[in-house]
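Q: with the sequence up front, the predicted model follows.
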Amino acid sequence: MKGETYEQFVEKFKPKKTTDDCYTPPEIYETIRDWACKEYGIDPDKIVRPFYPGGDYEHYDYPDGCVVLDNPPFSILSKICEFYLERGIPFFLFAPSLTAFSAAKTVMRVCHIICDASIVYDNGATVKTSFVTSYDDGIIARTGVELTQEINRVSAEIRARTVKQLPKYEYPHHVVTAAMIQKYARYGVDFRVNRGECTCIKVLDSQRARGKGIYGGGLLLSDVKAIDHAAAERAAAERAAAEKANAHVWELSDRERDIIASLG
């Protein structure tokens, strides 16, 4: 196309990675593997990983006594679980947290280990990840407390090495930034600053000594306007809390209550 660089032209023909191309960082995989081996007495030497680029799990040569511990394509996770259940091959598989119970054919045949862990995969995708397994026979769902803690600990270590952490600052009410006013707009708080009530400021004296500054600049407010600013901050916080509290609560029907009554 006219105006394209050579690199842009070539980029168009590269295969695009999807959410199924979630290659697990080695440190994360090892953490999950070690937890599963400890929890279920799995022999690490028996673990196989059939889900590699270009791999075919249906025709993989599964040795006797093996355990599948891998990150499969999430789009066909139900089909994969069904494949292993029918063949009696034990497994411990990664699964997307938010849709963990959506596989109608297998949801009652596997255990769902629900974690609060966001994994940044090698394709750049950040996915809330949980797990499904053929272990924990009889348990349909459980929390993965220690597993969550371990994944998050290792993830934090990886981020600390690879991502520049931006500091978080708090300012006195005499200082207002565009980000603060943006929050007030989101929660419907009317806040205005007149020309005679402020002056533009890039850095506080206390920041200057440390080589810091106000990101994007800000406004230094008069005493009266600082009181208005504090009120706006409180109003935004109250409305944020009210928004969370006003979440709709779905009720159970009589039919569903009858089902509950029939359960052991």
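A: Perfect, I can see it now. Residues are numbered from 1 along each chain as shown.

Q: for the rest of this, base every contact and every neighbour count on C-alpha atoms.
A: Will do.

Q: so how many other residues sit close to residue 69?
A: Neighbours of residue 69 under the rule other C-alpha atoms under 10 Å: 25.

Q: quick check: it is in a strand.
A: Yes: assignment of residue 69 by DSSP: H, G, I helix; E, B strand; the rest coil places it within a strand.

Q: I figured residue 112 hits residue 129, correct?
A: No: using C-alpha atoms under 8 Å, residue 112 makes no contact with residue 129, being 11.1 Å away.

Q: can you pull out the low-pLDDT segments for the stretch 51-200 of the chain?
A: 165-166 (pLDDT under 70).

Q: how about the strands in it?
A: With strands called from DSSP state E, counting those that start in this stretch, the stretch 51-200 of the chain shows them at 67-70, 91-96, 111-114, 118-120, 126-133, 141-143, 175-176, 198-201.

Q: paired strands for the fourth one, with orientation please.
A: Here strand 118-120 has these sheet partners by DSSP bridges: strand 126-133 (antiparallel).

Q: and for residue 239, nearest residue in space, chain neighbours not counted?
A: residue 187 (6.3 Å; C-alpha to C-alpha, 6 or more residues apart in numbering).

Q: which of residue 112 and residue 129 has more neighbours?
A: Under the criterion of other C-alpha under 10 Å, the comparison of residue 112 against residue 129 puts residue 112 first, with 28 against 22.

Q: got the contact list for the more buried one?
A: 100, 101, 130, 131, 132, 133, 140, 141, 142 (C-alpha atoms under 8 Å, 6 or more residues apart in numbering).

Q: any chance of those in JSON lines, plus neighbour count?
A: Output for the contacts of residue 112, formatted as JSON lines (neighbours: other C-alpha atoms under 10 Å):
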{"residue": "100", "neighbour count": "21"}
{"residue": "101", "neighbour count": "16"}
{"residue": "130", "neighbour count": "25"}
{"residue": "131", "neighbour count": "19"}
{"residue": "132", "neighbour count": "25"}
{"residue": "133", "neighbour count": "23"}
{"residue": "140", "neighbour count": "16"}
{"residue": "141", "neighbour count": "17"}
{"residue": "142", "neighbour count": "12"}
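
Q: from the centre of the chain, give me the residue that's furthest out.
A: Largest separation from the mean C-alpha position in the chain: residue 196, at 45.0 Å (C-alpha atoms, centre = their mean).

Q: give me whichever of the strands of the stretch 51-200 of the chain is most buried.
A: Greatest average neighbour count among the strands of the stretch 51-200 of the chain goes to strand 111-114 (a mean of 24), per mean count of other C-alpha atoms under 10 Å.

Q: please state the offset of that one from the chain centre?
A: Its chain's average C-alpha position is 16 Å from that of strand 111-114, according to C-alpha atoms, centre = their mean, to the nearest Å.

Q: output that strand as PDB, restricted to C-alpha atoms.
A: These are the backbone C-alpha positions of strand 111-114, laid out as PDB (Å, rounded to 0.1, in the frame of the first residue of the first chain):
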ATOM      1  CA  CYS A 111     -12.800 -30.100  39.900                       C
ATOM      2  CA  HIS A 112     -12.500 -26.300  39.400                       C
ATOM      3  CA  ILE A 113      -9.700 -24.700  41.400                       C
ATOM      4  CA  ILE A 114     -10.600 -21.000  41.400                       C
END
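
Q: tell me the strands beside that strand, with direction?
A: When pairs are called by DSSP bridges, strand 111-114 turns out to pair with strand 126-133 (antiparallel), strand 141-143 (parallel).

Q: closest to residue 47 out of those?
A: Among the strands paired with strand 111-114, the nearest to residue 47 by C-alpha to C-alpha is strand 126-133 (13.6 Å).

Q: next, the angle from that closest one to strand 91-96.
A: Interaxial angle, strand 126-133 versus strand 91-96 (axes from the mean of the first three to the mean of the last three C-alpha atoms, to 10 degrees): 150 degrees.

Q: now strand 126-133: how far from the chain's centre is it?
A: 9 Å.

Q: residues contacting it, please?
A: Contacts for strand 126-133 (C-alpha under 8 Å, 6+ apart): 90-98, 100, 110-121.
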